[in-house]
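1. What follows is a predicted protein model with its sequence.
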Amino acid sequence: MTDTFANVKKEGSISIVNIDNPPANTLSSECINNLRSIFQELAEDEETSAIILTGSGRFFVAGADIKEFVSSFGQQEKALKMAEAGQAICNEIEEMKKPVIAAINGPALGGGLELALGCHFRIASNKAILGLPELKLGLLPTFGGTQRLSRITNTATALNLILTSKQLSPDEALNLGIIQMITEPDDLLPTAKAIAQSFIEGKSMTSISRTIECVIKGTKEDLQAGLERERVRFAELFLTEDAKEGVQAFIEKRQPEFKHV
């Protein structure tokens with residue numbers, strides 16, 4: 001599958017989305033719309049169980065397309081639509097009911113880091129740098145950075161990183177929990193594929209999708225609401241063929257044969 005701003009390659013049940021908007025893979029409005037279409041298609045693709053998001057060339061994503069900002073000065077409504085589109089792609093990635101892994105191959109700055117923060121798991125090359133430099137432009141992170149970074153780290157850390165516009169090394173990002181793993185550049189995609197496979201191998205998508213929903217939505221609601229969702233989704237699984245198969249296979253000491261229904 002080839003699109004204007006990204007290439008999609010399927011390897012078994014894993015789809016690799018490679019952002020390709022040279023020279024720096026900036027998130028222009030057209031690139032964002034293209035990515036939204038790709039992820040909406042992958043959400044419905046029954047052959048895709050996990051997704052890896054990465055960038056071509058030296059960059060993961062250098063940020064939003066700053067040149068597009070120039071025509072928006074003095075137009076609050078136009079700026080609002082830009083922010084809404086950027087938040088939408090990050091929200092849609094986060095709300096995918098299939099695991100999405102960011103394989104950060106190079107600089108992930110501004111909207112690039114925000115895009116990665118929307119993914120469920122983040123692996124970085126040791127050549128990557130991460131940061132939210134928007135305040136240096138007289139702006140602020142608006143693709144979800146002020147919200148997700150504070151939830152992934154904490155309020156003080158998020159404010160420190162945003163207010164200082166500090167660029168983080170992979171080691172610093174790992175220590176703060178912003179990424180979960182660091183690899184050599186050549187090992188980045190193989191590691192991401194192995195992680196993706198470990199998420200889905202021997203498991204049913206009926207339970208994977210509900211688990212992701214419970215975890216992601218649970219971060220945005222109080223504990224009792226999250227527990228109620230967990231109970232309901234658990235009970236729903238007792239109506240599925242895969243739950244019957246999984247339990248029976250365990251009792252019979254064999255590998256389950258899930259049909260993802």
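-> Thanks, I have it. Because the structure is predicted, anything quoted here is derived from the model rather than measured. Numbers count the residues shown, from 1 in each chain.
2. can we go C-alpha only for contacts and neighbour counts from here?
-> Noted.
3. chain center to the longest helix along the chain: distance?
-> Looking across the chain with DSSP state H, the single longest helix is helix 76-94. Put simply, helix 76-94 sits 15 Å off its chain's centre (CA atoms, centre = their mean, to the nearest Å).
4. counting contacts, what elements does it pack onto?
-> helix 29-44, helix 111-117 (3 or more CA pairs under 8 Å, 6 or more residues apart in numbering; DSSP states H and E).
5. just checking, next helix/strand downstream of that helix?
-> Sequence-wise, the next helix or strand downstream of helix 76-94 (DSSP states H and E) is strand 100-104.
6. relative to helix 76-94, how tilted is that next one?
-> Put simply, strand 100-104 runs at 110 degrees to helix 76-94, going by axes from the mean of the first three to the mean of the last three CA atoms, to 10 degrees.
7. neighbouring contacts of strand 100-104?
-> 50-55, 60, 93-94, 116, 119-125, 128, 188-189, 192, 196 (CA atoms under 8 Å, 6 or more residues apart in numbering).
8. cool, stretch 47-62 as well?
-> Under CA under 8 Å, 6+ apart, the answer for stretch 47-62 is 10, 12-20, 22-27, 42, 98-113, 192-193, 196-197, 200, 205.
9. Filter the residues you listed down to the buried ones.
-> Listed as buried from these are 13-20, 24-27, 42, 98-113, 192-193, 196-197, 200, 205; burial here means 16 or more other CA atoms under 10 Å.
10. now the spatially most central residue of the chain: how far from residue 242?
-> What sits nearest the mean C-alpha location of the chain, by CA atoms, centre = their mean, is residue 119, with 1.5 Å. Relative to residue 242, residue 119 is positioned 26 Å away (CA to CA, to the nearest Å).
11. what ranges do the helices span in this structure?
-> Under DSSP H, the chain gives helices at 29-44, 76-94, 111-117, 145-152, 155-164, 170-175, 188-200, 205-218, 223-237, 241-251.
12. For residue 64, find the nearest of the ones you listed.
-> Nearest to residue 64 among the helices of the chain is helix 111-117 (5.3 Å), distances taken as CA to CA.
13. Need the CA coordinates for that closest one. PDB is fine.
-> Taking Å, rounded to 0.1, in the frame of the first residue of the first chain, the C-alpha atoms of helix 111-117 are listed here in PDB:
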ATOM      1  CA  GLY A 111       4.200  17.400  16.700                       C
ATOM      2  CA  GLY A 112       6.500  14.400  16.000                       C
ATOM      3  CA  LEU A 113       6.900  13.700  19.700                       C
ATOM      4  CA  GLU A 114       3.200  14.300  20.200                       C
ATOM      5  CA  LEU A 115       2.400  11.700  17.500                       C
ATOM      6  CA  ALA A 116       4.700   9.200  19.200                       C
ATOM      7  CA  LEU A 117       3.000   9.900  22.600                       C
END
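14. Give me the residues contacting it.
-> Contacts for helix 111-117 (CA under 8 Å, 6+ apart): 26-27, 60-64, 86, 89-90, 102, 104, 108, 122, 130-132, 141-145, 148-149, 178.
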